[in-house]
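> The sequence and its predicted three-dimensional model are supplied below.
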Amino acid sequence: MSEKIPFTSPSVSDLEKRYLLEALESRHLSGDGAFTKRCHLWMKDHLKTPHALLTHSCTAALEMAALLLNLQPGDEVIMPSFTFVSTANAVALRGAIPVFVDVRPDTLNIDENKIAKAITAKTKAIFVVHYAGVSAEMDTIKRIAGSIPIVEDAAQALLSKYKGQPLGSIGDIGCISFHETKNIVSGEGGALLTRNEKFGQRAEILREKGTNRSQFFRGQVDKYTWVDLGSSYLPSDILAALLLAQLERAQAITTARLEIWQNYFDAFKQLAAIGVTLPTIPPECEHNAHIFYLLTRSLAERTELTTYLKEVGIQAPFHYVPLHSSPGGKRFGRAADEMTVTNDISDRLIRLPLFADLTSHERVINRVLEFYGFQQARRI
Ligand SMILES: Cc1ncc(COP(=O)(O)O)c(C=O)c1O
């Protein structure tokens, strides 16, 4: 059998190795060293945000967002159910209630037209997820939110844009992931972004165990002490070294992914005629090719396709089990509506291998077309 094609695999170059060695040789192994500072500068510059702080995960950044918003027991937070558990857990950890809203059938992002109905006197925030690195309808969501703060779960959305603005820098707080499965990685890693001065200052304290240690290192106070709630949310400078190399290569990695994504899209367009759905990229969105998915015609068809691809050595997983139907979601949250679209698309979605160094995506194309009885795109 030909070589197995994994679903994802990080891109590693000599630059990552060089920076990692430099970090080790610098003997600054804890957080907030020279590499972390360089990552902060990169993010402020490329993501157009005055405050950017590395965290050890996007989960940590989401938990910081919940702390920054002072979420209290019984408060409600609107979010999609078609998301990773961390979006909801950050809220539930504060005793607040995730209120799940259905997604749009085209972008699979929170349906902006269903948000207003879910808002109550207890609504304290809206957590938006940019699925597959494609933006939610931010202008409409901002208009509906009014003074309710918006947190962007931009875990998958580094270098994606909405009307020219980088995702993560549009809402009040943005959270990014650099987990190994993302486009730009440090193994585990994340970042919190904000344009809000007060959030920016407080985030620095929450991230450093609730102390004003960062001010102390800048010489702004003569000793540091416990001043607020907090935890240890910062990554080691070793991981920041790995991340800096990735950030410096971010555009090249994204371009390589976009090319594969587009090849998939062009090859599978013909499947639309038999009812297989391809991703939608609204004209105001620039995406980063984080995920290429297909929506099969039924759950049974997805199971068959997954099994078929597995047999020929291609890993093609489904994605989220909707949170409203999970044990945790039932215990800590509630669904605001019927969740018809979420239930439907989560049963039919299949993700295809996509990573910068994927050289054999034509094999994936041919196998999928073969499954559907279509002519193969190219010879392998
Ligand atoms: C939408 C979303 N939010 C949050 C996370 C959590 O990211 P991390 O693993 O960096 O904590 C993920 C990771 O898959 C995600 O997809």
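Good, I have the coordinates.

> ok, residues contacting the longest helix along the chain?
Scanning the chain for the helix with the most residues, using DSSP state H, yields helix 250-268. Residues outside helix 250-268 that contact it (Cβ atoms under 8 Å, 6 or more residues apart in numbering) are 11, 46, 158-159, 183-184, 246, 276, 278-279, 287-290, 292, 294, 352, 354-358, 361-362, 364-365, 368-369, 377. Quick note: C-beta positions are derived from backbone N, CA and C, even for glycine.

> which residues in the stretch 251-380 of the chain form strands?
Under the criterion DSSP state E, counting those that start in this stretch, the stretch 251-380 of the chain contains strands at 285-286, 293-295, 334-335, 349-351.

> Next up, the contacts around the residue of the stretch 251-380 of the chain found nearest the ligand.
The ligand sits closest to Tyr320 of the stretch 251-380 of the chain, with a gap of 8.2 Å, by Cβ to the nearest ligand atom. Listed by Cβ under 8 Å, 6+ apart, the contact set of Tyr320 reads Phe82, Thr83, Phe84, Ser346.

> Am I right that the second one is in contact with Leu323?
Yes. Distance between Thr83 and Leu323: 6.6 Å, which falls inside the contact criterion (Cβ atoms under 8 Å).

> and which of the contacts of Tyr320 is nearest to His28?
Phe84 (31.7 Å; Cβ to Cβ).

> Check the closest one and give its pLDDT.
pLDDT, Phe84: 98.

> what's the burial count for it?
19 (other Cβ atoms under 10 Å).

> Assess the claim that it and His179 are in contact.
No. Contact criterion Cβ under 8 Å: Phe84 and His179 do not qualify, at 9.8 Å.

> What residues sit buried inside stretch 61-70?
Ala61, Leu62, Glu63, Met64, Ala65, Ala66, Leu67, Leu68, Leu69 (16 or more other Cβ atoms under 10 Å).

> typo on my end, stretch 16-27
Glu16, Tyr19, Leu20, Ala23.

> what sits against Tyr19?
Phe35, Ala241, Leu242, Leu244, Ala245.

> Now do the buried residues in stretch 137-144.
Glu137, Met138, Ile141, Lys142, Ile144.

> hmm, who's touching it?
104, 109-110, 112-113, 115-116, 119, 126, 128, 150, 162-163, 170-171, 282.

> Counting only strands, which of those make the cut?
Mapping these onto strands (DSSP state E) picks out Ile126, Val128, Ile150, Tyr162.

> Top of those residues by number of neighbours, please.
Neighbour-wise, the ones in strands among the contacts of stretch 137-144 (other Cβ under 10 Å) top out at Val128, 31 neighbours.

> Does that residue touch Pro149 like I think?
No. Judged on Cβ under 8 Å, Val128 makes no contact with Pro149 at a distance of 11.0 Å.

> who touches both of those two?
The contact lists of Val128 and Pro149 share Gly171, where a contact means Cβ under 8 Å, 6+ apart.

> from the contacts of Tyr320, which would you call buried?
Phe82, Thr83, Phe84, Ser346.

> Considering only the residues you listed, which also neighbour the ligand?
Among the buried ones among the contacts of Tyr320, the ones lying near the ligand by Cβ under 6 Å from any ligand atom are Thr83, Phe84.

> okay, the buried ones among the contacts of Tyr320 in TSV with distance to Ser214 next?
Formatted as TSV, the buried ones among the contacts of Tyr320 follow (distance: Cβ to Cβ, whole Å):
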residue	distance to Ser214
Phe82	36
Thr83	31
Phe84	29
Ser346	41
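
> In helices, which of the buried ones among the contacts of Tyr320 fall?
Ser346.

> Pick out the most distant pair among the buried ones among the contacts of Tyr320.
For the buried ones among the contacts of Tyr320, and using Cβ to Cβ, no pair is farther apart than Phe84 and Ser346, which are 12.6 Å apart.

> Would you agree Ala240 is in contact with Cys39?
Yes. At 5.2 Å, Ala240 counts as touching Cys39 under the criterion of Cβ under 8 Å.

> Contact residues of the stretch 101-250 of the chain facing the ligand?
Val129, Asp153, Ala155, Gln156, Ser177, His179, Gly190.

> Thr375: neighbour count?
No Thr there; residue 375 is Gln. Neighbour tally, Gln375, other Cβ under 10 Å: 8.

> when you give positions from now on, start the count at 57
Noted, 57 is the first residue going forward, which turns the last one into Gln431.

> ok, it to Leu290 distance?
Per Cβ to Cβ, to the nearest Å, Gln431 is found 53 Å from Leu290.

> cool, Ile240 as well?
Ile240 is 18 Å from Leu290, by Cβ to Cβ.

> repeat for Gly256
15 Å.

> how's this protein carved up into domains?
Domain segmentation of the chain under automatic domain parsing yields 70-304, 306-427.

> Mean neighbour count, the ones you listed: which tops it?
Most buried of the domains of the chain, by mean neighbour count (mean count of other Cβ atoms under 10 Å): domain 70-304, with a mean of 21.

> Show me how far the helix or strand of the chain with the lowest mean pLDDT is from its chain's centre.
Lowest on mean pLDDT, DSSP states H and E among the helices and strands of the chain sits helix 269-273, with a mean of 91. Its chain's C-alpha centre and that of helix 269-273 lie 30 Å apart, by Cα atoms, centre = their mean, to the nearest Å.
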